[in-house]
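1. model the following, please.
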Amino acid sequence: MTDQNVSAASPASQPPKGETSPVESATLASLLEAAEPAPSAPEAVEPETVEPDLDDPIPPEPDDPIPPDAEIVEPVPAERRPRYLVRFRRWRFANSTDVFEPGLYWLDKKGKDPGADLVQTRISAPIVCSAFSRSEDREAFGRLLVFVDHDGRRRQMAVSCAATAGNGIDLVKLLLEAGLAIARSQARRLVRYIAISEPERRVEHVTRTGWLADGSGFALPDQTIGRGDVVFQCRPEHKQAGPRRRGSFGRWRETIGAWAVPNWRLAFSLCASLSAPLYEPLRLSPGGFHAYGETSRGKSTSMNAAASCWGPGATPFVKSWSGTAAGLEGAASLANDLPIFLDEISQARAVDFEAVLYFLINGTGKLRGHKEGGLRFTATWRTLLVSNGEVTLAQHLRRAGAEIPAGLKARIADVRFEGGRFGAFDDLCGFPDGETFARAIAAAAARDHGHAGPALVEEILRRRAELDEAFEVVRAYFAVREPIVRRVADRFAAAALAGELATEAGILPWPPSLALEAARQAFETWRADVDLPEAAGGSAEDRAIVEAVRGFLETQRARFQTEHGPVPPNRAGMVETEGGRETFRIFKAALASEPALQRWSPARIAEALDKAGMLVERDHGRRWRNAKIEGRQERVLVVSPEPWPRAVEDDAA
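-> Now for the predicted structure:
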């Protein structure tokens, strides 16, 4: 095979003392081709079109000390050393009978004399940098690595270019965890080899789960559904607590899928979990569901089953409400366009519970500033909250002396998970008692998981053009007039649509309309328990205020500073855009000085926006938030105008 040299591109990638910078390797195409016995007349393969078969193991080598199919490599004389060499098969130099194992090697010499002894040091199992990866906006770059793990499987991993900075220890840990064998004391050479590789091929990478910007694909840590040319740049936390697949899809259908048929609460839990990817294409504002009821009645078991649509039905994929606000913010950022599962609300800190709820469903992390001024990067996400506990959201908030705002009632629906013959269940599916049934569900969720959700995403991609029409058909089964109830009903309708799509695709082994009926029963349960007069509130004056604020935001948008934009004249606040949705941080002084709003006090404006469900962040139960903008304290209202238009249209219908 023909060798090619790759040299370091910058002083930052200088070799360790006594080493030079070339890389001795074949093209990716020939390397991967060489890992299998060569055919008599191989076809030419362009390097940029090669996609390694990640599940195809390297074939075992014969016992002969000089295997007949060992790759013969052109000798590398002393004057061309030191340099790197990569081979995916056993190999030997043409002038030697010594056979070397597949791997990444450092070719060196002892001393500087032309006749010095030559040394071949194995650094690791075979690994190559097959492509540069770049973000959708081409502002961030990474490398796509292809390597062989301990089981002989070819694997690929996208890592940030920044991972090779410093000593690269985090990158080494990531590769070790993924199964790359690295020789003792050779980690530094491995990191540098990756850092100086300059592949010609380019691919796109994403750093979070969910829909791509153009809607053409859906990223998960192990695959990008619909787009084979997009890779996921994995972080350690994705591997630890993100979605993943295991076990048999068919067995999952025969157990959890089948057990949900006579149990509407369990069926609804699966539908709610599967509905998360529908929120972006249906343009729904994020929200969630909270199952409540007496202890040991099946709430957590139903959540485990729901989680198994995407990952293991247990920790760390199912998380606890006991986490800190910062920890829950991090967990939400890992679940973009996916459900986030939080178990046992009683463990949540009542003092900041309302603020945590708002930032979880609003999809924006805490606004933080640099010491030098300006804003730091703010994490964003679009997730569906799935929660449970013995009490409702309102009851938990009252422990902190706060009442649940109408806006939260429009975002998160409390559904009572009790009243069946066996707590949350109506049928034990042949098991002798509820405890045994619950253990069977938990065991099935741990053994088989992560199949149903990605399968539904494939169906959504295939039928994306039909979704709006299908959703309108399903919405008709949840017909209500109250604006705030309509927004809640849309979440139940999305769950019903997800279940029916999954049924038609054979993902769920259910008869037609079972998902619709389960979602309807859950909706009626919520509606029977919720405080409808308060939830449906909104006087004529409230509507006038809301319309005036919406007009202010539309006509004065140029006065709102974007995240990285310059300060506009007569600044009225800040605006952030995520997934086509805008969130405004309106300065209190701007509301007080706006002519169209001066007939109302800022406090009255905040009250009306709160009733309309347009306040998306609060501060310990208070509508106004304190924000430090460029070293100065500002009182702001955090407003999303998105929920109101649908409510006005529905109310007028």
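2. so P82 touches Y105, yeah?
-> No - the pair P82 and Y105 does not pass the contact test of C-beta atoms under 8 Å, sitting 10.4 Å apart. For every residue, glycine as well, the C-beta is placed using N, CA and C.
3. what's the spacing between the residue nearest the centre of the chain and S308?
-> Compute the mean C-alpha point of the chain, and by C-alpha atoms, centre = their mean the closest residue is T209, 2.9 Å away. Applying C-beta to C-beta, to the nearest Å, the value for T209 to S308 is 17 Å.
4. likewise for P432?
-> Distance from P432 to S308, by C-beta to C-beta: 23 Å.
5. neighbour-wise, which of the two wins?
-> With neighbours defined as other C-beta atoms under 10 Å, P432 and S308 compare such that S308 has more, 33 against 8.
6. wait, doesn't that one sit right on W252?
-> Yes - here S308 lies in contact with W252, judged by C-beta under 8 Å, at a distance of 6.8 Å.
7. sheet-wise, list the partners of the one helix or strand K628 maps to with their directions.
-> According to DSSP states H and E, K628 maps onto strand 625-629. According to DSSP bridges, strand 625-629 forms sheet pairs with strand 632-639 (antiparallel).
8. so which bits of the strand it pairs with are buried?
-> Buried residues in strand 632-639, defined by neighbour count with 16 or more other C-beta atoms under 10 Å: 634, 636-639.
9. which of the residues you listed lies closest to N336?
-> Closest approach between those and N336, by C-beta to C-beta: V638, at 20.2 Å.
10. partner residues bridging that closest one?
-> On the basis of DSSP bridges, V638 is bridged to R585.
11. and it, what is it in contact with?
-> 362, 583-585, 615-617, 625 (C-beta atoms under 8 Å, 6 or more residues apart in numbering).
12. over to L145?
-> Each residue near L145 by C-beta under 8 Å, 6+ apart is listed here: 127-130, 156-159, 175, 194.
13. pull the most distant pair out of the residues you listed.
-> By the measure C-beta to C-beta, S130 and L175 form the most distant pair in the contacts of L145, at 14.6 Å.
14. sorry, back to before: save the contacts of L145 as JSON lines, and put in secondary structure and distance to T295 too.
-> Formatted as JSON lines, the contacts of L145 follow (DSSP: H, G, I helix; E, B strand; the rest coil; distance: C-beta to C-beta, whole Å):
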{"residue": "I127", "secondary structure": "strand", "distance to T295": "51"}
{"residue": "V128", "secondary structure": "strand", "distance to T295": "54"}
{"residue": "C129", "secondary structure": "strand", "distance to T295": "53"}
{"residue": "S130", "secondary structure": "strand", "distance to T295": "52"}
{"residue": "Q156", "secondary structure": "strand", "distance to T295": "45"}
{"residue": "M157", "secondary structure": "strand", "distance to T295": "43"}
{"residue": "A158", "secondary structure": "strand", "distance to T295": "44"}
{"residue": "V159", "secondary structure": "strand", "distance to T295": "44"}
{"residue": "L175", "secondary structure": "helix", "distance to T295": "44"}
{"residue": "I194", "secondary structure": "helix", "distance to T295": "51"}
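15. before we move on, back to that, intersection of neighbour lists for S308 and W252?
-> Joint contacts of S308 and W252 (C-beta under 8 Å, 6+ apart) are 444, 448-449, 452.
16. for the residue nearest to A502 when sequence neighbours are not counted, what is the enclosing helix or strand?
-> Among residues not flanking A502 along the chain, L508 sits closest, at 4.4 Å (C-beta to C-beta, 6 or more residues apart in numbering). Assessed by DSSP H and E, L508 sits outside every helix and strand.
17. wait, L508 touches R253, no?
-> Yes - in this structure, L508 is within contact of R253 by C-beta under 8 Å, at 7.2 Å.
18. just the residues contacting the strand holding K628, thanks.
-> 367, 369, 574, 585, 617-619, 633-638.
19. can you pull the buried residues of that strand?
-> In strand 625-629, counting by 16+ other C-beta under 10 Å, buried: 625, 627, 629.
20. same deal with stretch 133-140?
-> Those would be 133-134, for stretch 133-140 by 16+ other C-beta under 10 Å.
21. now that stretch - C-alpha only, PDB.
-> What follows is stretch 133-140 as a C-alpha-only set of coordinates in PDB (Å, rounded to 0.1, in the frame of the first residue of the first chain):
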ATOM      1  CA  SER A 133     -16.700  17.200  11.800                       C
ATOM      2  CA  ARG A 134     -18.200  20.600  12.000                       C
ATOM      3  CA  SER A 135     -21.300  22.000  13.600                       C
ATOM      4  CA  GLU A 136     -24.400  23.100  11.700                       C
ATOM      5  CA  ASP A 137     -23.300  26.700  11.800                       C
ATOM      6  CA  ARG A 138     -19.700  25.700  11.000                       C
ATOM      7  CA  GLU A 139     -18.500  27.600  14.100                       C
ATOM      8  CA  ALA A 140     -17.100  24.500  16.000                       C
END
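22. which residues touch it?
-> Defining contact as C-beta under 8 Å, 6+ apart, one finds that stretch 133-140 is touched by 141-144, 158, 160, 202-207, 212-213, 231, 233.
23. what strand or helix carries the nearest residue to A522 once chain neighbours are set aside?
-> Of all residues not flanking A522 in the chain, F268 sits nearest, at 4.4 Å (C-beta to C-beta, 6+ apart). F268 is located in helix 264-274, with elements delineated by DSSP H and E.
24. what's the following helix or strand after that helix?
-> strand 288-292.
25. low pLDDT regions in the protein?
-> For the chain, applying pLDDT under 70 flags the ranges 1-68, 114-115, 235-240, 366-378, 406, 531-540, 579, 642-653.
26. what angle separates the helix or strand harbouring A518 from helix 264-274?
-> Using DSSP H and E, A518 sits in helix 514-529. Relative orientation of helix 514-529 versus helix 264-274 (axes from the mean of the first three to the mean of the last three C-alpha atoms, to 10 degrees): 100 degrees.
27. then helix 514-529 to CSV, C-alphas only?
-> Taking C-alpha atoms only, helix 514-529 is exported to CSV below (Å, rounded to 0.1, in the frame of the first residue of the first chain):
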residue,chain,number,x,y,z
LEU,A,514,-56.5,2.3,22.2
ALA,A,515,-53.9,5.2,22.5
LEU,A,516,-56.7,7.7,21.9
GLU,A,517,-58.9,6.3,24.5
ALA,A,518,-56.1,6.1,27.1
ALA,A,519,-55.2,9.8,26.5
ARG,A,520,-58.9,10.7,26.7
GLN,A,521,-59.3,9.0,30.1
ALA,A,522,-56.2,10.7,31.4
PHE,A,523,-57.5,14.1,30.1
GLU,A,524,-60.9,13.6,31.8
THR,A,525,-59.1,12.6,35.0
TRP,A,526,-57.1,15.8,34.9
ARG,A,527,-60.2,17.9,34.0
ALA,A,528,-62.3,16.4,36.8
ASP,A,529,-59.6,17.4,39.4
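28. report the buried residues of that helix.
-> Buried residues in helix 514-529 (16+ other C-beta under 10 Å): 514-523, 525-527.
29. most widely separated two among these?
-> L514 and R527 (20.4 Å).
30. do a quick rundown of the strands in the stretch 201-350 of the chain.
-> Assigned by DSSP state E, counting those that start in this stretch, the stretch 201-350 of the chain shows strands spanning 202-206, 210-211, 218-220, 223-225, 230-232, 288-292, 318-320, 339-343.
31. swap in the stretch 551-653 of the chain?
-> 560-561, 573-578, 581-587, 625-629, 632-639.
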